[in-house]
Each structure stands twice: as C-alpha cells, then as structure tokens.
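K.L.:
show me how the following folds:
(one chain, ligands or ions: 1)
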Amino acid sequence: MTPLHFASTGDIMTKGKLMKEIIRRVYGPERDRMFWHRIDIIGDIAVIRKPFDVDYSELQPLAEEILRSIPYIKSVWATASPVDGDYRLREFVHLAGEKRSETIYKEHGCRFKVDIRRVYITPRLSFEHERIAKTVNEGEVVINMYAGVGPFSIIMAKKKKRMLAQAVELLRPGGRLLYTTCSVLPEEGEEVVEWILQQRRDIEIVPLHGPYEESPILPGTMRAWPHKHETTGFFYALLEKRL
Ligand SMILES: C[S@@+](CC[C@H](N)C(=O)[O-])C[C@H]1O[C@@H](n2cnc3c(N)ncnc32)[C@H](O)[C@@H]1O
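P.N.:
Numbers count the residues shown, from 1 in each chain. Modelled structure (predicted):
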C-alpha cells in the first residue's frame, strides 16, 4: 500500500484526514467513527486510545496500517488504562513496530525527550500550552506547579528572552550562568546572548574552547552540530556578571 503524506497546511493531506483515511482502510466506513480522534502522535510513536469495548487484537491491523502508511512512525502502542496516580501516568500495550516508548516530542519549536510510560505528555494540550505562553508578560515570574516535563514553562521561556534576563539578575558579581539551548537556530542561541549583552553592560561572555566547536556567529560561545558531532544540535555560552 502506498505511504500517505500529510502537511500542516492541508495542501497535501491534513493529519486528521490522513488518520481518517487510514482508519477507513482498516475498518471500513461503518466502523471508522469508533476510532476517529483516538490516535495521538508523540514524536515517532503513535498511541491509540483503545475504546473500552474493543479488544487489543482488533487494534493490531490499525497499528500495522499506521506503520505502513506513515513511514516516520516507528512504534505503535495502545492505552491500557485511564490517566491515573500522582504522576498522571497510563499503562500501555505494545502493538506494532519497535518496542520503544522513548521519543523526541516536538511542540512549538521545543523538543522534549520523553518516555510515554514514565511521564505525562499529550499533544492535545499543545494549543493550551501556546495560549498560556502568550498570556505571560515581559518580566513576570511564573510558578509552574505540577509542571511534568515542563511544556508550559519551556514554551514560555522560548517565547520570552526576558526569562534569561531574570536569571542573569540573580547572579551575584563574579557569578556565572551557563545558557544552553538544544537548537540549531541562531535566534534561540547566539541572538539571545547578543540581546542580553546589549541590555546588560555588567554581563560578559567567558570564552569557551570546547567541547564541540566555536560558534561561527558569536566568538567564545559553542555549538554542536548533528552532521558533525553525532549529537543533537545545541548551543551553549558561559556568562559572568562583572565584579
Ligand atoms: C496533568 S499533568 C500536567 C503536566 C504538564 N503541565 C503538561 O501540560 O504536560 C500533572 C503533572 O504533575 C506532576 N506532579 C505530580 N505530583 C507532583 C508534585 N508533588 N510536584 C510536582 N509535580 C507533580 C505529574 O508528574 C504530572 O506530570
């Protein structure tokens, strides 16, 4: 069967339409509604929220069709319990593909390394994470209780350079702060440091010489590149408050 492709803009096929098409292929038009809105994609893992009156064996063909149709999905699991306990976890049953529950989940340009069996994570809150981040004003201090893997905080922080400004504020003279982002984008790395240096004459870069290599944009700061260093792309810079 031909793999299908989707695009967020809908110019090829939206994710929702693609899922409907996959479900319809497996169960036919009579039963497909039972499974709509029941598939979540978290990184390269698909999770099927099992209807209570459906057996796991009935989910197997759907899991296999997802793997066939969406090549970047490597593993398919079914939920085996409601969200429960202090840590809001679920039990899962492995259905198809790699028996792996760890993945990199991306949301609003942030990357979260998660194990779906060990932390609460849901793409269904994606809109809410961004909505709340937009309500945060410059200079506000946010306490995120029950943060989990921190999607609210991290998405806020990405949107607010001011958070770094506040962290710098906490340094005593001579104190140092290591600013690091898992991103290849200058606007999340070098440009944030350049911005803070413009704001604060009392902050300076402590030049670093490794590991990995110097940033081609901002001397004294460091970069790791996926194509060179067999790691994710990231940036780090050591900042010091002058005595
Ligand atoms: C409903 S989840 C929300 C997670 C996160 N805010 C999100 O949007 O993905 C609640 C989170 O609170 C965490 N949690 C439970 N008890 C906690 C405690 N005593 N202190 C901090 N976090 C806790 C759980 O691990 C869980 O990840």
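
K.L.:
can you pull the buried residues of the lengthiest helix in the chain?
P.N.:
In the chain, assigned by DSSP state H, the helix with the most residues is helix 15-31. Neighbour counts over helix 15-31 (16 or more other Cβ atoms under 10 Å) mark L18, M19, K20, I22, I23, R24, R25, V26, Y27 as buried. The C-beta positions use only the backbone N, C-alpha and C, and glycine is treated the same way.

K.L.:
cool, and stretch 226-239?
P.N.:
For stretch 226-239, a neighbour-count test (16+ other Cβ under 10 Å) marks G233, F234, F235, Y236, A237, L238, L239 as buried.

K.L.:
so which of those comes closest to the ligand?
P.N.:
F234 (22.6 Å; Cβ to the nearest ligand atom).

K.L.:
what's the closest one in contact with, if anything?
P.N.:
T180, T181, C182, S183, V184, R223, A224 (Cβ atoms under 8 Å, 6 or more residues apart in numbering).

K.L.:
of all the residues you listed, which comes closest to the ligand?
P.N.:
C182 (18.1 Å).

K.L.:
check the closest one and give its pLDDT.
P.N.:
Here, the pLDDT recorded for C182 equals 82.

K.L.:
can you give me the distance of it to G174?
P.N.:
To G174, C182 is 28 Å away according to Cβ to Cβ, to the nearest Å.

K.L.:
those two - which one has more neighbours?
P.N.:
Neighbours were counted for C182 and for G174 using other Cβ atoms under 10 Å; C182 has more, 18 against 9.

K.L.:
that older thread, how far out from the middle of the chain is the longest helix of the chain?
P.N.:
Centre-to-centre, helix 15-31 and its host chain are 27 Å apart (Cα atoms, centre = their mean, to the nearest Å).

K.L.:
element containing the residue lying closest to F92 once chain neighbours are set aside?
P.N.:
When the adjacent residues along the chain are set aside, F92 lies closest to W77, with 4.4 Å between them (Cβ to Cβ, 6 or more residues apart in numbering). Applying DSSP states H and E as the criterion places W77 in strand 75-79.

K.L.:
give me the buried positions along whichever helix or strand comes after that strand.
P.N.:
Downstream of strand 75-79, the next assigned helix or strand under DSSP H and E is strand 92-97. By neighbour count on 16+ other Cβ under 10 Å, the buried set for strand 92-97 is F92, L95, A96, G97.

K.L.:
what's the answer for stretch 207-219, then?
P.N.:
In stretch 207-219, counting by 16+ other Cβ under 10 Å, buried: L208, Y212, S215, L218.

K.L.:
check which helix or strand the residue of the chain found nearest the ligand maps to.
P.N.:
Residue of the chain nearest the ligand, by Cβ to the nearest ligand atom: G148 (2.7 Å). Assigned by DSSP H and E, G148 falls within no helix or strand.

K.L.:
just checking, it touches Y120?
P.N.:
Yes: using Cβ atoms under 8 Å, G148 is in contact with Y120, at 4.9 Å.

K.L.:
shared neighbours, these two?
P.N.:
R88.

K.L.:
which of the buried residues of stretch 207-219 lies closest to S101?
P.N.:
S101 lies nearest to Y212 out of the buried residues of stretch 207-219, by Cβ to Cβ, at 29.5 Å.
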